[in-house]
Every structure is written in structure tokens, then in C-alpha cells.
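Undergrad: Sequence first, predicted coordinates after that:
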Amino acid sequence: MNKQTAVKNVLRAGVALAALSAGANVYANAPGACTLGTVGLPGITPGVNIQHVVYIQFDNVHIERDNPNVPSDLEQMPNLLNFLQNKGTLLTNHHTPLISHTADDILTSLTGIYGDRHGQPVANSYGYFKTNGTIGFSSSFAYWTDPSPEPAATPIMVNESGTVAPAPWVPFTRNGCDVGQVSVANTILENTTSDIATVFGASSPEATEAASNSALAQADFVGIGVHCGFGSTLCAGNPNAKADRLKNEAGGYAGYKALFGAKYVAATISPSTPLADLEGNAINDGKGHNGFPGFDGMSATNTLGLVAKMLESGIPVVYSYISDVHDNHVAGTAPCNVPGNTGTCAYGPGEAGYVQALKNYDTEFGKFFTRLKNDGIDETNTLFVVTTEEQDHFAGTQNPTPAGCDGVTTPCTYVHTTSPVNSATVGEVNVNLSKLLATEKGNTTPFSVHSDLPPAYYLNNNPAQTSTTTRQLERDVASLTTFNPYKNATETLVDYIVDQAGMKMLHMVTSDSARTPNFVAFQKGDYFGFASGTSLCTATNFTDCVNIQPGFAWNHGGYQPEITTLWLGMVGPGVNVGNGARDTDTWTDEADIRPTILSLVGLTDDYQQDGRVIVEDLQDGAIPAALGGANRSAYEQLAQAYKQINAAVGSLGLATLQASTVALTGNDAGDAIYAACEAKISQWVQTRNTLASQMNTLLQNAAFNGQAVNPATAAPLITQANALIAGATCP
């Protein structure tokens with residue numbers, strides 16, 4: 001639904017003057033005219049008919065089976081699965097960054113840059129060292145321009161220069177396109193405290209409402225928004241449109257506005273009726289307030305209903321998030337209502353509630369695609385990008401009852417009780433790390449952890465990496481043992497451990513040194529680590545410190561392939577059609593989504609992305625000439641080598657995890673192994689950074705500046721990358 005195409009004949013000189021006065025650097029269109037698919041990039045073939053972009057990112061939806069007998073999440077959603085693999089391309093060798101969590105994954109997908117450049121590699125919250133030597137914690141989820149609560153007041157979204165990372169909606173809005181946001185991390189308001197003050201002002205009517213009725217303010221202002229394009233009629237003269245402030249944006253961003261919250265979005269695109277789900281029901285928070293239902297309430301029917309309404313209202317680009325189907329979010333209802341369990345609980349694969357939730361999601365996707373097609377919005381004129389932010393390791397039994405259950409014809413049953421201890425057959429194994437360290441190692445060093453499958457350790461007073469305190473705690477953490485009730489066996493808790501030298505390789509060290517942990521321990525998949533107190537564990541097998549908690553069972557954040565290997569679906573003009581086949585070969589990660597979208601719609605960023613265009617699954621006629629035809633092979637080879645040295649879970653990153661573990665567990669005379677391996681890792685990082693920068697410049701120039709990759713230039717860089725990977729061993 002290309003808005004206001006009648007304005008195409010406006011004089012370019014007038015447009016340029018208007019753009020300059022608004023503070024932006026470049027506009028392809030007249031005010032209010034959004035044109036996608038043929039604009040801006042050198043050498044692009046005219047005629048790519050992209051009129052809309054629909055981006056959908058799930059919370060933890062799996063393509064692989066978590067139990068071999070039970071169909072996977074996508075297998076149980078055939079309306080979505082068939083759409084992706086029959087009408088477009090479904091990639092299944094797609095990957096997360098580290099740490100693999102909602103905030104890091106979504107922000108990397110949106111921006112095309114890794115956590116060291118968007119500020120949230122330790123997600124969904126992060127620790128920071130206070131000036132008094134203790135540790136504070138902050139949520140990763142906040143509006144894009146919010147300051148961190150740290151003493152230095154750096155931005156939460158801090159980039160490599162110490163300022164706010166570039167906002168992902170800017171290329172679209174500068175091109176005149178309104179961008180809808182449905183529950184997408186940090187692009188909308190995430191809370192009714194700091195975000196209200198940042199966007200509306202501490203003395204605003206919205207802040208007054210938040211102070212007097214936070215539940216109403218949550219429904220009114222959080223979770224939903226529209227960033228209006230240059231000259232947009234949606235925001236022009238709209239009293240509910242507020243300034244869209246991005247003071248650090250390259251080229252400036254003055255004069256832009258946005259609609260923040262369901263209250264103001266509804267007043268603009270649905271003034272006579274409340275915003276509704278796909279069934280036509282008013283979306284509400286369950287507390288009597290129409291509007292945003294909370295992030296856990298963003299089911300398929302709610303999210304897809306909002307996406308459809310935005311598209312039908314002339315908003316051509318819509319980004320959205322759908323909450324998970326793995327958990328029962330209602331305390332006291334089946335299957336959580338068992339003796340000892342007074343809270344919510346996690347479903348196991350094939351459990352009745354889980355299967356029903358997936359069936360509901362499948363039904364809603366069928367209705368969604370039908371509704372859009374009736375609106376004239378389909379794969380012939382719309383780019384659909386559908387993915388998940390991470391997958392998970394299922395912590396629970398692989399043998400639910402009855403034996404051989406598949407969930408679909410025979411429901412699987414799990415035990416959800418919390419009493420007696422470890423009687424549940426589904427749930428993560430919680431580990432009190434500080435108590436276990438005191439019990440097994442006699443180590444009571446004061447520290448805090450970012451609680452997680454891979455807990456990040458912050459030691460009080462932030463001792464040096466080489467200090468005796470840090471080194472001993474690293475050795476002790478690496479050698480902890482636990483009793484795994486699912487295996488009925490004692491095992492080492494930690495698989496890999498990495499300190500700041502290795503974290504630099506994994507893009508986990510930001511420009512804000514105060515939020516860099518001392519080290520991170522990557523535990524086995526069943527475990528969730530936290531720290532509270534240093535009293536000794538006394539129960540048999542230390543079950544008072546290590547025990548199943550059925551409230552959560554889907555662990556993410558770790559290095560495990562079932563967590564870090566994802567799927568990505570693309571459908572629309574310029575995308576190859578798989579006709580039922582999947583692309584299982586092309587190695588991609590979440591940073592690659594951004595440049596691929598921008599290349600297809602003919603736009604570019606004001607910064608160099610960490611990702612690359614996924615040309616393997618695009619048609620020659622839809623991409624700049626520098627990426628296609630005879631140039632394609634050189635680009636692909638360079639891109640593939642680049643990802644293996646620069647992506648956190650590429651070959652070099654995984655080799656670094658192994659080398660770092662050797663270093664940190666070393667305990668020889670003079671700590672020589674540690675010193676030697678750390679020196680090697682630091683050298684690998686320097687070499688990688690130089691090499692990756694050279695490779696990425698070639699890739700970016702080919703994608704966005706019309707300069708094809710020269711095979712003679714690329715070949716030695718690929719050789720150096722392969723040599724770097726081959727030599728990444730220690731000792």
C-alpha cells in the first residue's frame with residue numbers, strides 16, 4: 001500500500017531544501033512518499049515490486065524437534081511453515097550472537113551490529129560496577145535513547161563511540177516511510193518509569209498518569225508505536241504525535257515525530273473502535289484497560305491483528321514480536337496446579353497446553369495471510385521476514401508418559417510438582433553458585449552474577465584479570481560439580497569459561513568498561529545459575545543448592561547448537577522460491593538480516609553493519625549488480641569466510657571458547673599456561689579485527705556502494721581467515 005504516490009513529481013530541489021532544514025542527510029522521495037525496492041542503491045535493477053515490509057520475530061519457536069517423537073514448533077504450524085518454504089526461502093543454518101538472549105538477539109537482528117556495538121551483549125539485563133565497588137543491575141529493555149542507571153550515565157544502547165547506537169527505523173523514515181512497531185525490543189516504550197520521562201517528560205500528563213495508575217499507563221503507552229516518516233500525514237498536525245528524538249543519529253534527525261503507545265496509535269488509525277486481535281476482540285491487559293496487554297500477552301492473534309491493522313492503515317513497514325508458547329503464564333491452572341506448585345510453569349514438548357497453543361498460533365497465521373491477501377498484500381508485493389530470536393535447550397525428561405507419546409495424537413504428560421525436591425520431570429536445574437562454591441571449594445569471594453545458563457560473574461571491587469582473587473575463582477567455578485537429577489549422575493557444571501580477552505572475540509565487551517563482567521561461565525544446558533548467600537549446602541547431593549524448578553524449562557543464552565542455531569524465513573519479491581526445500585547450507589547469523597532487508601528495499605544505513613547480504617537466497621534482478629551475476633561467487637566466498645571469523649559462534653569464536661577454557665583452568669607454576677593462552681587470544685583478536693574490517697569494507701561497498709568484490713583482492717583475505725581459524729589452538 002504505497003502511500004501518496006501522487007507526489008512523485010515534486011521538484012527534487014525543493015525536497016532537498018526540506019530535507020536539509022529537517023536535519024537529515026538524504027531523501028529519496030518527496031515528503032510523505034514512501035517508495036521501496038528501486039531506490040537509492042547503485043546498480044539495482046528497476047522493477048522490484050516491494051510495497052510493504054512485514055517483520056515478525058518469535059520468542060523461542062523451534063524448527064528442530066526437542067523430543068524426537070514430538071513434531072517441532074514449526075511442524076505444528078503448517079500455515080506458517082508452508083508459506084515460508086513453499087513461497088520463499090527457509091534457512092536453517094542461521095545463528096545467534098552470544099549471549100543468546102531476547103535483547104541481544106533482537107537488537108542484533110534489527111541493527112545488523114553485534115552487542116559490543118549496540119551495548120547489550122549480556123542480556124536481558126546487565127551488571128555494572130559502582131564506584132563503591134559493589135555491583136548494580138539494569139534491565140536491557142528500555143526505550144532506545146534511555147540513559148543507563150550507572151554512575152557514568154552512559155546510554156543503555158551504548159555504541160562503540162560511547163553514544164546512543166543508531167536507530168533501525170531511520171533509513172525508512174528518512175525515505176518517507178512510516179514504521180510500525182509491535183512489542184519490538186527498545187523501539188517502543190518498555191516501562192512506565194524511565195521511558196515515560198525520556199519520551200514524554202517527567203512533568204507530562206503521561207507521567208502523571210503513570211504515577212497515579214501504572215497499569216493504565218502500561219496499556220496506554222508501552223509496547224506499541226509508530227515512527228513517522230519524513231512528511232508523513234500520519235503525524236502531521238496530530239496532537240498525539242511526539243518528537244522522535246535521536247540526538248546522536250549521523251546526519252541529524254530533527255523534526256521527526258512518532259506515536260508512542262496504543263492510546264495514541266489507536267486514536268490515529270482506529271479512532272472509533274479499540275485496537276483488535278485477529279478475531280475482532282479488543283486487545284486488553286486483563287485488568288479492564290484496552291491497549292497493550294503486556295509482553296507475555298503478545299500472542300499470535302494479538303500481534304498479527306495489530307500488524308494487519310497497521311498495514312491496512314497505510315503504514316508500509318511493520319516490525320513485530322510474538323511471545324512464546326512454551327510456558328503456561330497463568331498460576332494455579334493446569335498443569336501448574338499440582339501439590340507444592342503455587343506459581344506458573346513451563347510446558348514440556350507434546351504437553352496438551354503447548355500443543356494447543358501452537359495450534360492456535362497456526363490458525364491465526366492462516367487467518368493473517370488470508371486477510372492480507374484480501375487486502376492486496378501478499379508475496380507479490382510484500383517482503384515478509386519471519387524468524388525467532390533464539391531457540392532453547394529443553395531442561396526435562398526425554399521420556400514423558402505415556403511411552404512414545406507424540407503430543408498431537410497422544411498428549412505427553414510431565415510432573416510439575418515442586419515437592420518433594422527433584423520430583424518434577426520438567427524444569428531447569430537451579431544452581432546457587434555462591435553456596436556451592438563455599439561448600440565444594442571453600443571460596444567465599446564476594447561477587448554477583450547475571451543469573452543465567454551462562455552466568456556472568458562480577459567480582460566486588462573489580463579486581464584485575466590476573467589477580468589471585470580472580471584467577472582462583474575462575475578455577476573453582478570451572479571445576480564445580482553438580483548432581484543432575486535428570487541423568488541421576490554427578491557431572492561437571494561448566495563446559496567453557498571465558499574472561500575479558502575471549503569476550504572481545506565474542507563481541508561481548510562494550511565501550512562502557514563498567515558493565516564488562518570479569519568472566520562468563522558457559523554451563524551445561526540443564527542448569528540456571530544464580531548467587532545468594534554463602535552458607536553451606538547440607539542435603540544429600542546438595543539438593544538444597546541444586547534442584548529442579550518447574551517454573552522454567554527452556555534455557556537459552558548458552559553456546560549449545562540447539563540454542564544458537566536458528567531458522568530464518570524470507571518471502572517476497574527478489575527472494576528465491578524453495579518450493580518446499582530448505583536452505584540448510586548457507587551459514588548466516590542475526591546480523592545478516594538487516595543488510596539483506598535494506599538491499600532488497602534499496603536503502604542503506606549511515607554506519608557499517610557487522611552483517612552481510614544473504615545473496616545465496618536472492619534473485620539477481622533484485623540486488624545491485626555488484627552482488628549478482630559474475631560477481632556473486634566472489635561475494636559469497638568472502639562473506640562466508642568473514643562470518644566464520646567474526647560471528648560469535650563461527651569457527652573462530654568457538655575455538656576461542658576452548659582456548660579460553662584452557663587458559664582459565666590452568667594452574668601450573670607461575671600461571672604460565674594462562675599467560676601464554678591469553679597472549680594468543682589477544683593476538684587472534686587483533687588479527688581478526690584487522691582482517692574482518694578489511695573484509696567487511698569490501699562486502700559493504702559491494703552491497704551499498706556499487707563496488708563489486710575483486711576476486712584477486714578477496715582471495716588472500718580468505719586465505720588469512722582460514723589460517724587464523726586453523727591456528728586458533730592453545731597451548
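TA: The structure has been received and is ready for your questions.
Undergrad: Every contact and neighbour count from this point should use C-alpha atoms.
TA: Noted.
Undergrad: Please pull out the lowest mean pLDDT helix or strand from this structure.
TA: helix 12-22 (a mean of 28; mean pLDDT, DSSP states H and E).
Undergrad: Any chance you could list what contacts the following helix or strand past that one?
TA: With elements assigned by DSSP states H and E, the helix or strand that comes after helix 12-22 is strand 52-58. Here strand 52-58 makes contact (CA atoms under 8 Å, 6 or more residues apart in numbering) with 1-2, 36, 106, 307, 311, 316-324, 377, 381-389.
Undergrad: got the contact list for residue 388?
TA: Residue 388 neighbours (CA under 8 Å, 6+ apart): 57, 58, 59, 60, 61, 62, 566, 567, 568.
Undergrad: and if we set it to 7 Å?
TA: 57, 58, 59, 60, 61 (CA atoms under 7 Å, 6 or more residues apart in numbering).
Undergrad: do residue 498 as well
TA: 519, 520, 521, 657, 660, 661.
Undergrad: can you rerun that using 6 Å?
TA: Neighbouring residues of residue 498 by CA atoms under 6 Å, 6 or more residues apart in numbering: 519, 520, 660.
Undergrad: in the longest helix belonging to the chain, what's buried?
TA: Identified as the longest helix of the chain according to DSSP state H is helix 672-704. Neighbour counts over helix 672-704 (16 or more other CA atoms under 10 Å) mark 673-674, 677-678, 680-682, 684-685, 688-689, 691-693, 695-696, 698-704 as buried.
Undergrad: what do you get for stretch 366-375?
TA: In stretch 366-375, counting by 16+ other CA under 10 Å, buried: 367, 368, 369, 371, 372.
Undergrad: quick one: which of these sit in helices?
TA: Reading helices off these with DSSP H, I get 367, 368, 369, 371, 372.
Undergrad: so what's the last one up against?
TA: When you say that, I think you mean residue 372. Taking CA under 6 Å, 6+ apart as the definition, residue 372 has no contacts.
Undergrad: State the distance from it to residue 569.
TA: 18 Å (CA to CA, to the nearest Å).
Undergrad: Would you mind confirming that residue 62 makes contact with residue 73?
TA: Yes. Judged on CA atoms under 6 Å, residue 62 makes contact with residue 73 at a distance of 5.2 Å.
Undergrad: which residues are in contact with the helix or strand residue 318 falls within?
TA: Using DSSP H and E, residue 318 maps to strand 317-322. Residues from elsewhere that reach strand 317-322 (CA under 6 Å, 6+ apart): 52-58, 179-184, 298-300.
Undergrad: I figured residue 133 hits residue 463, correct?
TA: No. Using CA under 6 Å, residue 133 is not in contact with residue 463, being 9.7 Å away.
Undergrad: Tell me the secondary structure at the residue lying closest to residue 483 once chain neighbours are set aside.
TA: Using CA to CA, 6 or more residues apart in numbering and skipping residues adjacent in sequence, the residue nearest residue 483 is residue 490, 4.2 Å away. Here residue 490 is recorded as strand under DSSP: H, G, I helix; E, B strand; the rest coil.
Undergrad: Before we move on, what's the pLDDT of residue 490?
TA: Listed pLDDT for residue 490 reads 98.
Undergrad: Residue 479 versus that one, what's the distance?
TA: 12 Å.
Undergrad: before we move on, back to that, now tabulate the contacts of residue 388 in CSV and tack on pLDDT.
TA: Output for the contacts of residue 388, formatted as CSV (pLDDT from 0 to 100):
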residue, pLDDT
57, 98
58, 97
59, 95
60, 93
61, 96
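Undergrad: out of those residues, which one sits closest to residue 598?
TA: Relative to residue 598, the closest of these is residue 57; by CA to CA it sits at 17.2 Å.
Undergrad: before we move on, the earlier item: can you pick the most crowded of the contacts of strand 317-322?
TA: residue 182 (31 neighbours; other CA atoms under 10 Å).
Undergrad: and the residue nearest to that residue when sequence neighbours are not counted, how many neighbours?
TA: Spatial nearest neighbour of residue 182, excluding adjacent residues (CA to CA, 6+ apart): residue 320 at 4.5 Å. Other residues near residue 320 come to 22 when the count uses other CA under 10 Å.
Undergrad: does residue 320 have beta-bridge partners, and which?
TA: Partner residues in beta bridges with residue 320, using DSSP bridges, are residue 56, residue 182.
Undergrad: what are the bridge partners for residue 328, then?
TA: residue 345.
Undergrad: Please determine how far it is located from residue 551.
TA: Look at residue 328 and residue 551: by CA to CA, they are 9 Å apart.
Undergrad: tell me, what's touching these two both at once?
TA: Common neighbours of residue 328 and residue 551, counting by CA under 6 Å, 6+ apart, are 345, 346.
Undergrad: residue ranges of the helices in the stretch 351-500 of the chain, please?
TA: Taking DSSP state H, counting those that start in this stretch as the criterion, the stretch 351-500 of the chain carries its helices at 352-374, 433-441, 468-478, 500-505.
Undergrad: Between the ones you listed, which one is closest to residue 573.
TA: Of all the helices of the stretch 351-500 of the chain, helix 352-374 comes closest under CA to CA, at 15.0 Å.
Undergrad: relative to strand 317-322, how tilted is the closest one?
TA: Here helix 352-374 points in a direction 170 degrees away from that of strand 317-322 (axes from the mean of the first three to the mean of the last three CA atoms, to 10 degrees).
Undergrad: count of neighbours near the residue nearest to residue 151 when sequence neighbours are not counted?
TA: Counting by CA to CA, 6+ apart, the nearest residue to residue 151 once its immediate chain neighbours are dropped is residue 130, at 6.7 Å. Using other CA under 10 Å, residue 130 has 18 other residues around it.
Undergrad: Which element is encountered next along the chain beyond the longest helix of the chain?
TA: Heading C-terminal from helix 672-704, the first helix or strand you meet, by DSSP H and E, is helix 711-726.
Undergrad: helices and strands around that next one, which ones?
TA: Based on contacts counted as 3 or more CA pairs under 6 Å, 6 or more residues apart in numbering; DSSP states H and E, there is no element that helix 711-726 packs against.
Undergrad: which element is the residue lying closest to residue 613 once chain neighbours are set aside on?
TA: Excluding the flanking residues, the one nearest residue 613 by CA to CA, 6+ apart is residue 596, at 4.4 Å. Using DSSP H and E, residue 596 sits within helix 593-601.
Undergrad: cool, residue 511 as well?
TA: Short version, using DSSP H and E: residue 511 is in no helix or strand.
Undergrad: Test my guess that it contacts residue 160.
TA: Yes. Shown here, residue 511 and residue 160 form a contact pair, counting by CA under 6 Å, at 5.2 Å.
Undergrad: Okay, the residue nearest to residue 613 and residue 463: tell me how far apart.
TA: Separation of residue 596 from residue 463 (CA to CA): 42 Å.
Undergrad: Between the two, which has more neighbouring residues?
TA: residue 596 (21 against 15).
Undergrad: Now the helix holding residue 596: buried residues?
TA: 593, 594, 595, 596, 597, 598, 599, 600, 601.
Undergrad: what mean pLDDT does stretch 221-229 have?
TA: For stretch 221-229, the per-residue pLDDT averages 98.
Undergrad: now it, how far from the centre of its chain.
TA: Its chain's C-alpha centre and that of stretch 221-229 lie 19 Å apart, by CA atoms, centre = their mean, to the nearest Å.
Undergrad: From one end of that stretch to the other, what's the distance?
TA: 20 Å.
Undergrad: if I pick residue 524, what's in contact with it?
TA: residue 494.
Undergrad: I'd like the distance between the nearest residue in space to residue 646 that is not next to it in sequence and residue 299.
TA: Once flanking residues are discounted, residue 646 sits nearest to residue 692: 6.5 Å by CA to CA, 6+ apart. Distance, residue 692 to residue 299, by CA to CA: 39 Å.
Undergrad: circling back: for residue 490 and residue 479, work out which one has more neighbours and name it.
TA: residue 479 (18 against 12).
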